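Just to be clear, the model below is a prediction. Sequence and coordinates:
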Amino acid sequence: MGSTLENSVASPPRWHEIARRTIEAGFDMSSEARIGEMLRTLAVGRKALLEMGTGTGSATAWLLDGMDEDARLATVDNDPKVQAVAREVLGEDPRVDFITEDGAAYLAGQSDGGFDLIFADAMPGKYEGLEDALRLLQVGGVYVVDDMSPQPNWPEGHQARVDDLVLRLAGDPRFAIVGMDWASGVLVAAKRAA
């Protein structure tokens with residue numbers, strides 16, 4: 001894409017504050033802005049959204065920016081210190097519920113088909129508890145994961161987990177998927193009717 005398009009996309013109102021505080025906190029696992037732009041677009045018209053891995057709220061801000069006034073976002077993280085940044089900056093928005101809990105436990109406790117968009121940006125929902133995450137998705141809903149291209153903060157042997165996730169989703173007849181070698185590497189899966 002040309003620089004005109006890349007420089008013309010406005011960021012959410014509170015995103016710059018989150019970005020500043022993320023740097024100050026030394027948190028290096030936030031989603032990049034291009035992922036946020038995609039999430040904002042996918043959030044439009046969706047009513048029940050789930051983010052696994054709040055972090056400091058970077059992606060949370062983008063999701064909220066695309067959501068309608070009657071939509072709800074549940075965002076889950078097991079680190080209260082990191083999630084505190086998101087709570088402090090975005091906590092006044094009545095559409096978001098911040099949940100500080102083990103992600104796998106949260107997924108296991110939810111009812112089938114409760115969400116029409118799931119952004120899995122943590123181990124739970126992506127590499128752990130994947131089947132629980134996928135059963136929560138409504139027909140027509142989208143499941144989004146980023147960081148599918150090699151990242152400098154990946155632990156040893158992580159590429160095998162990424163490859164396994166891609167193969168599992170590609171072989172699952174319940175989903176139509178697209179992988180994109182763009183931004184940090186993205187995979188989007190849409191749930192088909194049975």
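Great, that's in hand.

so where do the helices sit in the chain?
3-8, 15-25, 33-43, 58-66, 80-90, 103-108, 130-135, 158-170 (DSSP state H).

Now distance to A122 and mean neighbour count too, for those, in TSV please.
(C-beta placed from N, C-alpha, C; glycine too.) Output for the helices of the chain, formatted as TSV (distance: least, CB to CB, whole Å; neighbours: other CB atoms under 10 Å):
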stretch	distance to A122	mean neighbour count
helix 3-8	27	8
helix 15-25	16	16
helix 33-43	14	20
helix 58-66	11	26
helix 80-90	11	19
helix 103-108	6	19
helix 130-135	10	18
helix 158-170	13	14
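
Check those helices for me: which has the lowest mean pLDDT.
Mean pLDDT across the helices of the chain is lowest at helix 3-8; the value there is a mean of 54.

K191 against L136, yeah?
No. Counting by CB atoms under 8 Å, K191 stays clear of L136, with 10.0 Å between them.

confidence score at the residue sitting nearest the centre point of the chain?
Per CA atoms, centre = their mean, the C-alpha nearest to the average position across the chain is that of F119, at 2.8 Å. Confidence at F119, expressed as pLDDT, is 97.

Identify the bridge partners of it.
On the basis of DSSP bridges, F119 takes part in beta bridges with E51, V144.

Distance of it relative to V188?
10 Å (CB to CB, to the nearest Å).

Let me see the residues that make contact with stretch 18-32.
The contact list for stretch 18-32, computed with CB atoms under 8 Å, 6 or more residues apart in numbering, reads 39, 53, 55-59, 61-62, 82, 85-86, 89-90, 121, 146, 153, 183-184.

distance between the ends of it?
Start-to-end span of stretch 18-32 (CA to CA, to the nearest Å) is 12 Å.

Check stretch 161-180 too.
Termini of stretch 161-180 sit 17 Å apart (CA to CA).

what comes into contact with that stretch?
Under CB under 8 Å, 6+ apart, the answer for stretch 161-180 is 126-127, 130, 134, 143, 145, 148, 185-192, 194.

I'd like to know how far L42 sits from N153.
For L42 relative to N153 (CB to CB), the value is 25 Å.

next one: A105
24 Å.

now swap in M52 and tell me
Here the criterion is CB to CB. By it, M52 lies 17 Å from N153.

Tell me which of these two has more neighbours.
Set side by side, M52 and N153 show more neighbours around M52, with 26 against 8, by other CB atoms under 10 Å.

before we move on, the earlier item: with distance to D97 as added columns, please give the helices of the chain in JSON lines.
Shown next, in JSON lines, are the helices of the chain (distance: least, CB to CB, whole Å):
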{"stretch": "helix 3-8", "distance to D97": "32"}
{"stretch": "helix 15-25", "distance to D97": "18"}
{"stretch": "helix 33-43", "distance to D97": "15"}
{"stretch": "helix 58-66", "distance to D97": "11"}
{"stretch": "helix 80-90", "distance to D97": "11"}
{"stretch": "helix 103-108", "distance to D97": "11"}
{"stretch": "helix 130-135", "distance to D97": "17"}
{"stretch": "helix 158-170", "distance to D97": "26"}
